[in-house]
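Student: Fold the following, please.
(one chain, ligands or ions: 1)
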Amino acid sequence: ILLEDGAGEAAGFSNKDYEQVKWLSRDELLQEADILISLQPLSVVEYQRTKASCILVSMFAPYFDDSLVKEIQSIPRQAFSMDMIPRTTLAQSMDVLSSMASIAGYKAVLAAAQKLPRYLPMMITAAGSIKPAKVLVLGAGVAGLQAIATAKRLGAVVEAFDPRTAAKEEVLSLGAKFVEVEGAQEADDAGGYAVQQSEEYLEKQRLLVQEKAASADVIITTAQVRGKQAPLLVPKETVDKMNAGSVIVDLAASTGGNCELTQDGKTISHNHVYIIGDSNLAADMAMDSSFLVSNNIFNFLKVWVKEGVIDLDLSNEIIESSLVSK
Ligand code: NAD
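Tutor: Got it, this is the predicted structure:
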């Protein structure tokens, strides 16, 4: 195992925490690696310095932008994009997107609780009783479900919404209320992901969200459609109807945001409503996110590295789906 010198420092892991590894500069590493793994992709200039036989592994997200993958194909190098691993039971232990979404959902509730000038749970004190806060979760995928579970644990009253019918049962099983908007489109071949909804449906949804938002203390938005701009669910006029002190955490910030006012990577205040635009909350929990990601990568490598030998079986669904450059 070759590691880039100091790679773990910012996450609290020092070189001396590791045994039986070789520490190298990035330059040396690029030249020596047979399999080069990085969470975020490197530049094509750096990939060009690797051996011709080197296999690249990263999160290339070609469904958003395939330009880097095309460049890698032209060098050429073989490359795996771990975000292309199918969402099957067998591949669950390799799913980096799920690991990170789950942490982000948890952290989103903590970030909202920190900013909210109110309690989340009900409190009965000698000085008076406090009602539990209301939390509205838009999008009940991996991040949304973890946000629901965390908000429930903290004692909030939680409502959630998702166009996928499968989400209803999951939301109810966590003790939250499911808000329904009729007429959603679904596709069996979308691999567990949502499909883009019609403008008519989104308009119906925005009206319902507006009604709910007026009494919500916290809105956590996680709605995403793979490869597309995030759907707009909370326009400015909805934010205008929210109570002062309310908090919106927009986990879809990097793909345009579910709230019209979201600024990616920033927390802003609009008429005393805080809007936290953060798609990278998992980075705030570097120890556990590193632990989960490293297990995901290890489980993925076990599929095609057998006793130190690379063995690519292209009929394997996991390999076939994630190999973005052959
Ligand atoms: P995602 O990050 O792509 O999207 C987040 C959520 O936004 C999804 O639940 C989606 O339905 C929802 N959404 C889309 N448009 C919306 C709209 N207009 N309004 C409200 N919500 C909207 O998805 P994800 O969280 O990564 O996962 C989606 C599904 O895949 C989940 O059912 C999850 O359980 C499943 N999954 C399965 C596996 C596996 O079996 N290996 C792994 C991960 C996820």
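Student: Could you use CA atoms for every contact and neighbour count after this?
Tutor: OK.
Student: so does the host helix or strand of Ile318 get close to the ligand?
Tutor: In this structure, Ile318 sits in helix 317-322 according to DSSP states H and E. No: judged by CA under 6 Å from any ligand atom, helix 317-322 stays clear of the ligand, getting no closer than 11.1 Å.
Student: Would you indicate which residues of the helix or strand just after that helix are buried?
Tutor: Elements were assigned by DSSP H and E; along the chain past helix 317-322, the next helix or strand is strand 323-325. For strand 323-325, the neighbour count (16 or more other CA atoms under 10 Å) marks 323-325 as buried.
Student: what pairs with strand 323-325, and is each one parallel or antiparallel?
Tutor: Applying DSSP bridges to the sheet, strand 323-325 is found paired with strand 78-81 (antiparallel).
Student: quick one: contacts of the partner strand?
Tutor: Strand 78-81 has contacts (CA atoms under 8 Å, 6 or more residues apart in numbering) with 53-61, 72, 319, 322-326.
Student: Could you measure from Ser99 over to Asp264?
Tutor: 21 Å (CA to CA, to the nearest Å).
Student: So the two - more neighbours on which side?
Tutor: Higher neighbour count among Ser99 and Asp264: Ser99, with 23 against 19, using other CA atoms under 10 Å.
Student: That one against Ser294, yeah?
Tutor: No: with contacts counted by CA atoms under 8 Å, Ser99 stays clear of Ser294, the gap being 10.5 Å.
Student: which among the buried residues of strand 323-325 gets closest to Arg49?
Tutor: Ser325 (16.9 Å; CA to CA).
Student: so who does the closest one touch?
Tutor: Per CA under 8 Å, 6+ apart, neighbours of Ser325: 69, 72-73, 76-80.
Student: could you redo the last one with a cut-off of 7 Å?
Tutor: Applying CA atoms under 7 Å, 6 or more residues apart in numbering, we find Ser325 in contact with 69, 72-73, 77-79.
Student: Equivalent analysis for Ala166, please.
Tutor: With CA under 7 Å, 6+ apart, Ala166 has no contacts at all.
Student: same thing with Ser294?
Tutor: Counting by CA under 7 Å, 6+ apart, Ser294 has no contacts.
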